[in-house]
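A.B. asks: From the sequence below, what's the structure:
(one chain, ligands or ions: 1)
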Amino acid sequence: MPLGRTTLVLAGLAGLGVAAFLSVDELQAREGRPEPTAVAPSPEAEPGVEAAAMVAVEVEPRPELVAAAPAEPTPATDEDGSDDEDGSDDEVWVGPPELIEDCEQKLDDAGITWTASRLPVHETKGGITCGAPQVIRYQRGPGEISWGGKPQVTCGVGLALARLEAIVQEEAEAHFGRRVKRIKHMGTYNCREMANYPGWVSEHSYANAIDIKEFQLVGGTTISVLDHYTKSDEEPTTKKAKFLRRVARRLYDERVFSVVLTPSFDRAHRNHFHLDMARYLVDGI
Ligand SMILES: [Zn+2]
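C.D. replies: Next up is the predicted model:
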């Protein structure tokens, strides 16, 4: 999907309500940012591999999640370096996610098996803020799906993965009469900026995103984003393509994730679904 047709919806996901609906053109006019022609190609870590710069301290057994206030989030600063004295664009779009109240309870209520983890909020030498205040290792969800490794994600993504599992199982049963037993992902935490979109930090920097590349059904059938996804300019015709389109569509339309990027979005996403919980919405299906 050409980005010019993509609508970014700025939504205050922290209870602020929908703040504005802007096209990318309007967005750039407002913020003076270059067009995000592509999200950075994803040099994703293999599951379980942490970025070298980050010391991730596992906390065993499961105490309360670390609920320290996040460091100053990356402000939506003016690219022209202006001081922004009128405060008209002080809205923070990109930064570590807001705390989720009673997160541990919500994870338990969602039927998730998890352990507490830590990715302390910090600023890199390059001035990028990374880490998040509530981080977990997602082990097992209500859909009884096996994930490669134990994804290290924010509480918000953990809760979203439980909803994802329910959708995936519903669609697998509808399309194949079988359930999904395993999902292969390509990583979650990765402290970096979007290479082609200066000033924007990937939600991977907060472990607030996950890249999914493959679904395996009970019985062995594999459905891969690279091999079976049909881009948005064509109707999917095979069962596998219909399954993938439907899952992506529901993940966005039901607001399981606020950003859903697929091979329709750009070449960097030709082999995976990028799913994140950013404060803005992007329909990249
Ligand atoms: Zn990604």
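A.B. asks: And the residue of the chain that's closest to the ion?
C.D. replies: residue 274 (3.4 Å; Cβ to the ion). Every C-beta, even on glycine, is put in place using the N, C-alpha and C of the backbone.
A.B. asks: Nearest residue to that residue in space, ignoring adjacent ones along the chain?
C.D. replies: Using Cβ to Cβ, 6 or more residues apart in numbering and skipping the chain neighbours, the partner closest in space to residue 274 is residue 261 (4.0 Å).
A.B. asks: which regions of this protein sit below the pLDDT cut-off?
C.D. replies: 1-91, 195-196 (pLDDT under 70).
A.B. asks: Alongside the ion, which residues does it contribute?
C.D. replies: Counting by Cβ under 5 Å from the ion, the positions of the chain adjacent to the ion are 211, 274.
A.B. asks: Do you have the strands of the chain handy? List them.
C.D. replies: Counting by DSSP state E, the segments of the chain that form strands are 7-12, 17-23, 113-123, 129-140, 146-147, 152-154, 180-187, 209-217, 222-224, 259-261, 273-276, 280-284.
A.B. asks: now, of those strands, which is deepest in the fold?
C.D. replies: strand 152-154 (a mean of 28; mean count of other Cβ atoms under 10 Å).
A.B. asks: Which strands border it, and is each parallel or antiparallel?
C.D. replies: Here strand 152-154 has these sheet partners by DSSP bridges: strand 129-140 (antiparallel).
A.B. asks: Next, count neighbours for residue 199.
C.D. replies: Residue 199: 18 surrounding residues under other Cβ atoms under 10 Å.
A.B. asks: Skipping its backbone neighbours, what lies nearest residue 256 in space?
C.D. replies: The shortest distance from residue 256 to any non-neighbouring residue, by Cβ to Cβ, 6+ apart, is to residue 163 (4.6 Å).
A.B. asks: hang on, I meant residue 283
C.D. replies: Residue 283's closest residue in space is residue 252 (Cβ to Cβ, 6+ apart), at 5.4 Å.
A.B. asks: What are the neighbouring residues in contact with that neighbour?
C.D. replies: With contact set as Cβ atoms under 8 Å, 6 or more residues apart in numbering, residue 252 has these partners: 260, 281, 283, 285.
A.B. asks: repeat that with 7 Å
C.D. replies: Going by Cβ atoms under 7 Å, 6 or more residues apart in numbering, residue 252 touches 260, 283, 285.
A.B. asks: Same question for residue 213.
C.D. replies: 184-186, 224-226, 271-272.
A.B. asks: Same list, those, but as a markdown table with distance to residue 265 please.
C.D. replies: Formatted as a markdown table, those follow (distance: Cβ to Cβ, whole Å):
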| residue | distance to residue 265 |
| --- | --- |
| 184 | 20 |
| 185 | 18 |
| 186 | 15 |
| 224 | 17 |
| 225 | 12 |
| 226 | 14 |
| 271 | 12 |
| 272 | 11 |
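A.B. asks: so the residue nearest to residue 256 touches residue 257, yeah?
C.D. replies: No. Between residue 163 and residue 257 there is no contact under Cβ atoms under 7 Å: 9.0 Å.
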